[in-house]
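A.B. asks: Model the structure of this input:
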Amino acid sequence: MFIWFSSAPFASKWIEILCKHELKYQAIDIEYFIDMMVNFHIFRHVENSGFLLLDYSVACNIREHIPPGKGKSDLEALIMNIFILNKYIPETENIFIHRHLYYFKELNQFQSTESKNQTWEKCAEATLKHFDDSDLSLKVALEALELIEPTSDDLLLGRIHKTLGCVYRIRKDTTKAIVHLTLSINYLKTTPLLLSQIMNHLGDCYIEIKNYKQALEVFQEALGSCQQNSSDMSTTLALIAKTHFLKKIMVKLFII
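C.D. replies: Numbering: from 1, shown residues only. Okay, here's the model as predicted:
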């Protein structure tokens, strides 16, 4: 997958992590593979660093023979693998992961504007899920919004506003979280599988500001979007029960 990034080094142990995670290979098989790639001058070691580089001419040749349409799925897989790696590597290696990530954003050779927007939205979502860094998550999500906003793609707009809403929740900015989650719901009215999750996030925001009436209205609407007996339905019912409980406590304390 690192054929896309021949100018940026990657750690040999990243291959081991991904192969064990995705393909369940043994360490000896992976070591043999790397040695073979080095012997055939496809990979080369960066001296005394534990990092590898893919030979530039090999990378160019591979790129030229990628079937039309294959590039987009490969790039999406690369982004998700980068964030799988982030779970297992030390903080000191994040800079190398980030370099691959941001180089990707500038790569236009195999992407239409549409596919670039789609994969950058995935990148924003993955940053939120796998990096414990709300500043980075916000930066990536806002960059994704800047790319996607000029389009009329309701699905992408809905997804990126959802990501921004979740980022602002993490940052304890409930007002902005409500704005973006509401926008997300408006864009995703025809995508019920996503709606209930986003409404649950929105309802939680109203709980945080002690607006229990509004929270219950949102949760009731979310319930209507849930598939019968799904995990989303269970979550929504639990949130409704929680809201009623909190509301009763507040009434007893004469706060509302």
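A.B. asks: Count the neighbours of Leu142 for me.
C.D. replies: Look at Leu142: counted by other CB atoms under 10 Å, it has 13 neighbours. Using the backbone N, CA and C atoms, a C-beta is placed for each residue, glycine as well.
A.B. asks: any idea which helix or strand carries Glu221?
C.D. replies: Applying DSSP states H and E as the criterion places Glu221 in helix 212-225.
A.B. asks: Asp204 now?
C.D. replies: helix 192-208.
A.B. asks: Quick one: mean pLDDT over that helix.
C.D. replies: In this model, helix 192-208 has an average pLDDT of 91.
A.B. asks: separation between Phe51 and Pro9?
C.D. replies: Distance of Phe51 to Pro9, computed by CB to CB, to the nearest Å: 4 Å.
A.B. asks: Any buried residues in stretch 233-250, and which?
C.D. replies: 233, 235-236, 239-240, 242-243, 247 (16 or more other CB atoms under 10 Å).
A.B. asks: Report the two members of those residues separated by the largest distance.
C.D. replies: Met233 and Lys247 (21.2 Å; CB to CB).
A.B. asks: looking only at pLDDT, what's the mean for stretch 217-224?
C.D. replies: 92.
A.B. asks: CA atoms of it as PDB?
C.D. replies: Output in PDB follows, covering the C-alpha atoms of stretch 217-224 (Å, rounded to 0.1, in the frame of the first residue of the first chain):
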ATOM      1  CA  GLU A 217     -37.800  15.100  21.600                       C
ATOM      2  CA  VAL A 218     -34.600  14.300  19.800                       C
ATOM      3  CA  PHE A 219     -34.400  10.700  21.300                       C
ATOM      4  CA  GLN A 220     -38.000  10.000  20.300                       C
ATOM      5  CA  GLU A 221     -37.200  11.000  16.800                       C
ATOM      6  CA  ALA A 222     -34.100   8.900  16.800                       C
ATOM      7  CA  LEU A 223     -36.200   5.900  18.000                       C
ATOM      8  CA  GLY A 224     -38.300   6.300  14.800                       C
END
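A.B. asks: What is the burial count for Leu145?
C.D. replies: 19.
A.B. asks: ok, back up a step: okay, Phe51 and Pro9: which has more neighbours?
C.D. replies: Shown here are Phe51 and Pro9; by other CB under 10 Å, Pro9 has more neighbours (20 against 17).
A.B. asks: quick one: pLDDT of the more buried one?
C.D. replies: The model's pLDDT for Pro9 equals 75.
A.B. asks: Before I go, just wanted to say thanks for your time.
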